[in-house]
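> I'd like to go over a predicted model; first the sequence, then the structure.
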There are 2 protein chains.
Amino acid sequence: MRDVSIIGIGQIEVGEHWDVSLRDLGARALLAALADAGIDRPDALYVGNMLSGTLGSQEQLATLIADWSGLRGIEALKVEAACASGAAALRVGVMAVAGGTHDIVAVLGVEKMTDMDGEEATAALMTAADAEYEGIHGTSFISLNALLMRRYMEEMGVPQEAFAGFPINAHANAVNNPNAMFRQALSRDTYTRAPMIADPINLFDSAPICDGAAAVILCPADRAREFSSRPVRIAASAVATDSVALHDRRDPLFLSAVHASASKAYRQAGIGPEEIDLFELHDAFSIIAALSLEACGFAPRGQGTRLAADGEIGPRGRMPICTMGGLKARGHPVGATGIYQVVEATLQLRGLAGANQVPGARWAMTQNIGGVGGTAITHILEGQG
Amino acid sequence: MRDVSIIGIGQIEVGEHWDVSLRDLGARALLAALADAGIDRPDALYVGNMLSGTLGSQEQLATLIADWSGLRGIEALKVEAACASGAAALRVGVMAVAGGTHDIVAVLGVEKMTDMDGEEATAALMTAADAEYEGIHGTSFISLNALLMRRYMEEMGVPQEAFAGFPINAHANAVNNPNAMFRQALSRDTYTRAPMIADPINLFDSAPICDGAAAVILCPADRAREFSSRPVRIAASAVATDSVALHDRRDPLFLSAVHASASKAYRQAGIGPEEIDLFELHDAFSIIAALSLEACGFAPRGQGTRLAADGEIGPRGRMPICTMGGLKARGHPVGATGIYQVVEATLQLRGLAGANQVPGARWAMTQNIGGVGGTAITHILEGQG
């Protein structure tokens, strides 16, 4: 198989884009990425999206966006894995280039969630869980995560305030990201006084409902310098799964798909967690940030929040995470998130992350999670200098 | 790239499965295909499905079905291209095996459409069209096809009755298919007296709303005989797209994506339409059958219905199509259809199509279409004897 490189990136500001349609959001990010790579027409387009059918009455989305972007005719498919849809599309793109089916592939993540009221968006997000065994009991996606956080606090003896470090870091990093939704710092005091959304998840423990789109362009690594002076190699691409339903896991506090996906990725890249310079993890909820750090080998079990409390997760810390704001503060347009993570990691490896630059970053890991850990997709990226 | 073979097939009877859940439908077909290949655990599962989010409040479907089938942990992703979702998932599976990412891949198409009333299913099917430029005018998916058929009749000077040959052939073939939804022959007289659904599309010009699931197992061709005594090689896999909206095409009566996808497939397989022994085409509506035959080189423009009228499309005719009943009579559980087509073509190439066997069949073509020709995915299969 061929090594695959990222030769172009594009993103739009995450937010409430009431004046921009779903296809427009997608086309803007896609065309920006194509321009960055200096490419007019890729061989194929793979689109990560979760909710266009439910919230936009629109399927066949990849074909629609290909046409809207002036690419009528090309191969175009949509890939779905709930909130991991973005990374799922990247996974397909990597296989297409690595295996030799295509040379130039565009991968887009796009989601529009704010055209409906919050109740509809909340119902749509619940499609990430098990409809027949979880949804039927009236749970929402946030209440499932609240159950998980409550159990963690109980079993690990960790208070709710210990999670504050995650959103504080995310907001601090988003201040310097022009594409982030929340560019305001968050104080510990504000976190502590925040209203509960689904106890023990407070307003700042949960990522927002929003719109966004991000795209990357891939080609074989040995051709990357034709298109980019600072290409980034995809050193690993790995998918693993678990039960979708939370109650069906032997140990709900161990995200086995996250662990398996990261382990496969480390093997593919030939490195371990100690080599990773930054980790764009899936902080849809603070509890998932803690559990991801533990399942990926960055913290012992029950110690995930300790890293955040000790200030180790900032851009100049020992283990920088969510360096451009993460899902919490850059925003979490679900099907787009996995590509935002990769775009941001690419900025870091190109040395273009501005005030949030991780000094000397060479290896970046991105991890996109579907449901409460049902699907985990990990990519490891290496700067090619 | 490696050649890829089909080493196992599974399908369930198409129909109204009110007593079987979506995940059960999928697991039954998947486990049947794995048993056919003698495989316990594939490396990955790709699922084609269009409507689980809209009609079943369930996304992350591939992970859900992997777990329900006893395959917890494996790579699992859903692929969507409206009614071409089944073939879209196969496309991803073929890339994964051909490129060397995986050795054993399962591809499942599954759809459950009958748990909702017809109005909801009709609204959900409209997500295959352009929501903002077609749906907004109150069109349904069937009315868009009716516009196309009306224009064909007008421009080509073809009467409505000329389309009768397609459903008559489909029903005749379904009589011998135990997995078909409609196992009754259709007479010309019954066709002529049928009520209009969306003029000029009558009851028999349109495929039914139904449930179904079908699966195939893939491996590298040079290992195929470890698993199957009659493997089938995938000689071509090609995706092409057009505008989703019908009004945005220069010539609505020329399905350009169908043409481009078939042309790419012929090139990949190194054969032309004259070598194809049977063609499982996408007869969601009679008009699409006629236009597909024309766009793929089996009939001159405006002459698609002539083939059907002359009796050339039966299993022993010059150009057999829909040999096990097609979308019309086997049924069209949308995201599953593309895999049913491949399963049926595999039966033909294995010489196991019973009363409908195409004598000496070596090359089979399957074509799955998303929307009114927005996405076309063509596979060419060759029996390995």
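The structure has been received and is ready for your questions.

> the helices in chain A, which residues?
For chain A, helices defined by DSSP state H occupy the ranges A:22-37, A:52-56, A:61-68, A:85-98, A:118-125, A:141-156, A:165-174, A:188-192, A:256-269, A:286-295, A:304-309, A:326-329, A:334-349.

> could those go into JSON lines alongside mean pLDDT, distance to B:V20 and mean neighbour count?
C-beta here means a position set from N, CA and C on the backbone, and glycine is covered the same way. Compiled in JSON lines, the helices of chain A are given as follows (pLDDT from 0 to 100; distance: least, C-beta to C-beta, whole Å; neighbours: other C-beta atoms under 10 Å in any protein chain shown):
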{"stretch": "helix A:22-37", "mean pLDDT": "98", "distance to B:V20": "33", "mean neighbour count": "23"}
{"stretch": "helix A:52-56", "mean pLDDT": "96", "distance to B:V20": "22", "mean neighbour count": "25"}
{"stretch": "helix A:61-68", "mean pLDDT": "98", "distance to B:V20": "29", "mean neighbour count": "30"}
{"stretch": "helix A:85-98", "mean pLDDT": "98", "distance to B:V20": "27", "mean neighbour count": "30"}
{"stretch": "helix A:118-125", "mean pLDDT": "92", "distance to B:V20": "25", "mean neighbour count": "16"}
{"stretch": "helix A:141-156", "mean pLDDT": "98", "distance to B:V20": "26", "mean neighbour count": "19"}
{"stretch": "helix A:165-174", "mean pLDDT": "98", "distance to B:V20": "43", "mean neighbour count": "27"}
{"stretch": "helix A:188-192", "mean pLDDT": "97", "distance to B:V20": "48", "mean neighbour count": "14"}
{"stretch": "helix A:256-269", "mean pLDDT": "98", "distance to B:V20": "27", "mean neighbour count": "22"}
{"stretch": "helix A:286-295", "mean pLDDT": "98", "distance to B:V20": "33", "mean neighbour count": "28"}
{"stretch": "helix A:304-309", "mean pLDDT": "94", "distance to B:V20": "41", "mean neighbour count": "23"}
{"stretch": "helix A:326-329", "mean pLDDT": "98", "distance to B:V20": "37", "mean neighbour count": "31"}
{"stretch": "helix A:334-349", "mean pLDDT": "98", "distance to B:V20": "29", "mean neighbour count": "30"}
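
> So which of those is nearest A:L278?
Of all the helices of chain A, it is helix A:334-349 that lies closest to A:L278, at 5.7 Å by C-beta to C-beta.

> nearest to A:A235, of the helices of chain A?
With C-beta to C-beta as the criterion, A:A235 lies closest to helix A:256-269 of these, at 3.9 Å.

> Quickly list what the residue of the stretch 151-300 of chain A found nearest chain B is bridged to.
Distances between the stretch 151-300 of chain A and chain B by C-beta to the nearest C-beta are smallest at A:V239, namely 4.0 Å. As for beta bridges, A:V239 partners with A:I377 under DSSP bridges.

> Out of the helices of chain A, which is closest to B:G351?
Shortest distance between B:G351 and the helices of chain A, using C-beta to C-beta, is found for helix A:85-98: 33.0 Å.

> Measure how buried the residue of the stretch 151-300 of chain A closest to chain B is and give me the count.
Each residue near A:V239 was counted by other C-beta atoms under 10 Å in any protein chain shown, and the total is 27.

> quick one: contacts for the nearest residue to A:Q268 once chain neighbours are set aside?
The shortest distance from A:Q268 to any residue that is not its chain neighbour, by C-beta to C-beta, 6 or more residues apart in numbering or on different chains, is 3.7 Å, and that residue is A:A236. A:A236 makes contact with A:K264, A:A265, A:Y266, A:R267, A:Q268, A:A269, A:T378, A:H379, A:I380, according to C-beta atoms under 8 Å, 6 or more residues apart in numbering or on different chains.

> if I read this right, the third one contacts A:G272, doesn't it?
Yes - contact between A:Y266 and A:G272 holds when scored by C-beta atoms under 8 Å: they sit 5.5 Å apart.

> In chain A, which residue is most central in space?
Residue closest to the mean C-alpha point of chain A, counted by C-alpha atoms, centre = their mean, is A:G338 at 3.3 Å.

> how near is the residue lying closest to that one once chain neighbours are set aside to chain B?
Nearest in space to A:G338, with sequence neighbours left out and distances taken as C-beta to C-beta, 6+ apart, is A:G86 at 2.6 Å. According to C-beta to the nearest C-beta, to the nearest Å, A:G86 and chain B sit 12 Å apart.

> ok, back up a step: need the helices of chain A in TSV (columns: distance to B:I276).
Supplementary listing: these in TSV, determined by distance: least, C-beta to C-beta, whole Å:
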stretch	distance to B:I276
helix A:22-37	36
helix A:52-56	34
helix A:61-68	25
helix A:85-98	26
helix A:118-125	43
helix A:141-156	48
helix A:165-174	56
helix A:188-192	65
helix A:256-269	40
helix A:286-295	50
helix A:304-309	58
helix A:326-329	49
helix A:334-349	38
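
> Which one, of the ones you listed, ends up nearest to B:P333?
Proximity to B:P333 (C-beta to C-beta) singles out helix A:52-56 among the helices of chain A, at 16.2 Å.

> Give me the domain ranges for chain A.
A:4-117+A:210-232, A:138-206+A:236-383 (automatic domain parsing).

> Just the terminal-to-terminal distance for the first one.
In terms of C-alpha to C-alpha, to the nearest Å, the two terminal residues of domain A:4-117+A:210-232 are separated by 9 Å.

> Could you tell me how far it lies from the centre of the chain?
A distance of 14 Å separates the centroid of the chain from that of domain A:4-117+A:210-232, by C-alpha atoms, centre = their mean, to the nearest Å.

> now the last one
Relative to the chain's own centre, domain A:138-206+A:236-383 is displaced by 9 Å; criterion: C-alpha atoms, centre = their mean.
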